[in-house]
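Q: pasting the sequence and the predicted model now:
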Amino acid sequence: MFILFFALWLIFNGRITVEIVILGLLITALVSFVFYRMLGYKLAYDRIIIRNLPLFILYALNLVREIFIAAFAVIAVVWKPGKKPDPVLIEIHSGLNDPFSNVVLANSITLTPGTYTVLQEGDRFVIHCLRREFADNVDTSSFIHILRKLRF
């Protein structure tokens, strides 16, 4: 986490000088201390992140792809005269045991245009879909397949 904070510090500053590096190390150390000491963050979390980093990157790329696909589907509903919203509420069970994975899935569904998570309790989801066809295959989505591969 310290390395990530320091890298963000350098990126946000846009240039590297001795003063920026020294100040960045001090501020990064302070922020890391707050994370580890006061918020209960553990080094084990860093190992989990590093171990699953390729899956996190794959998930992020998949999320961006799905957002674009869904955005164009919603645009078609808005612009084409024959297509009208046909909202539906569906209930699915993700089969994911980890609370983190279920929260990530709920947020991913909400970020995807045309759908949002109304309720999430454990692995149970109630999802609002703008059109009935947006509800097809939600329970077997690529989001769930990737999240099942995460190892904690």
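A: Done, it's in.
Q: mind checking the SS state of the closest residue to residue 77 other than its chain neighbours?
A: Nearest non-adjacent residue to residue 77, counting by Cβ to Cβ, 6 or more residues apart in numbering: residue 83, 4.8 Å away. Placement of C-beta: from N, CA and C, glycine included. Classification of residue 83 using DSSP: H, G, I helix; E, B strand; the rest coil returns coil.
Q: OK, contacts around residue 83?
A: By Cβ atoms under 8 Å, 6 or more residues apart in numbering, residue 83 lies in contact with 76, 77, 131.
Q: make a PyMOL selection of the buried ones in those.
A: Of the contacts of residue 83, the buried ones can be selected in PyMOL as follows, counting by 16 or more other Cβ atoms under 10 Å:
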select buried, resi 77+131
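Q: return the member of the contacts of residue 83 nearest to residue 49.
A: Residue 49 lies nearest to residue 131 out of those, by Cβ to Cβ, at 36.3 Å.
Q: look up phi and psi at the residue nearest to that closest one when sequence neighbours are not counted.
A: Computed as Cβ to Cβ, 6+ apart, the closest residue to residue 131 that is not its neighbour in sequence is residue 86, at 5.0 Å. The phi and psi values for residue 86, taken as degrees, to the nearest 10, are phi -130, psi 70.
Q: which stretches in the protein count as strands?
A: All strands of the chain, identified by DSSP state E, fall at 88-93, 115-121, 124-129.
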